[in-house]
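Student: Give the three-dimensional model of this entry:
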Amino acid sequence: MRMQAVFGGAVIAESDETVVVEGNRYFPEESLRSEHFRPSSTTSLCLWKGKASYLTVEVDGVVNPDAAWVYRKPTFLATKVKTHVAFWNGVEVRPVDEDG
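Tutor: Model (predicted):
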């Protein structure tokens, strides 16, 4: 199923190759519309997935700090989310409406 991430009325990521882990849908990093993202210094640690790095999302001047995260070097148990990005904090993840 093709999925998209939307913030501020803009599609910021779209892919039919997402994966779901712990209820979060992860998009391949290459599916992101890079103009809407910038690195953040924020990190967090998941005991089974490893260290997450965060991204700030911006659309039309509206900034959503740390609204996305990525595991660039996940643990062996979480390799399917390597370089995949998940969203929260106001980013809507939804199926693409194929009917228009």
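Student: I'd guessed Lys80 sits against Val20; true?
Tutor: No. Assessed by Cβ atoms under 8 Å, Lys80 is found out of contact with Val20, at 9.8 Å. Just so you know, the C-beta spots here come from the backbone N, C-alpha and C atoms, and that holds for glycine as well.
Student: who's the closest residue to Ala10 other than its chain neighbours bridged to?
Tutor: In this structure, Ala10 finds its nearest non-sequential neighbour in Val59, 4.5 Å apart by Cβ to Cβ, 6 or more residues apart in numbering. Here Val59 sits in beta bridges with Val62, as judged by DSSP bridges.
Student: Got the phi and psi for Ser31?
Tutor: The phi/psi pair for Ser31 (degrees, to the nearest 10) reads phi -90, psi -10.
Student: Excluding chain neighbours, what is closest to it?
Tutor: Ser15 (3.8 Å).
Student: now Pro74
Tutor: In space, and not counting its chain neighbours, Pro74 is closest to Gly50: 4.6 Å by Cβ to Cβ, 6+ apart.
Student: Contacts only, for the residue lying closest to Leu32 once chain neighbours are set aside.
Tutor: Spatial nearest neighbour of Leu32, chain neighbours left out: Ala13 (4.7 Å); criterion: Cβ to Cβ, 6+ apart. Ala13 makes contact with Gln4, Ala5, Phe27, Ser31, Leu32, Arg33, Val85, Phe87, according to Cβ atoms under 8 Å, 6 or more residues apart in numbering.
Student: Excluding residues flanking it in the chain, which one is nearest the third one?
Tutor: Which is Phe27. Counting by Cβ to Cβ, 6+ apart, Phe27 lies nearest to Ala13, which is 4.5 Å off, once chain neighbours are set aside.
Student: any idea how far Ser44 lies from Val19?
Tutor: Distance of Ser44 to Val19, computed by Cβ to Cβ, to the nearest Å: 19 Å.
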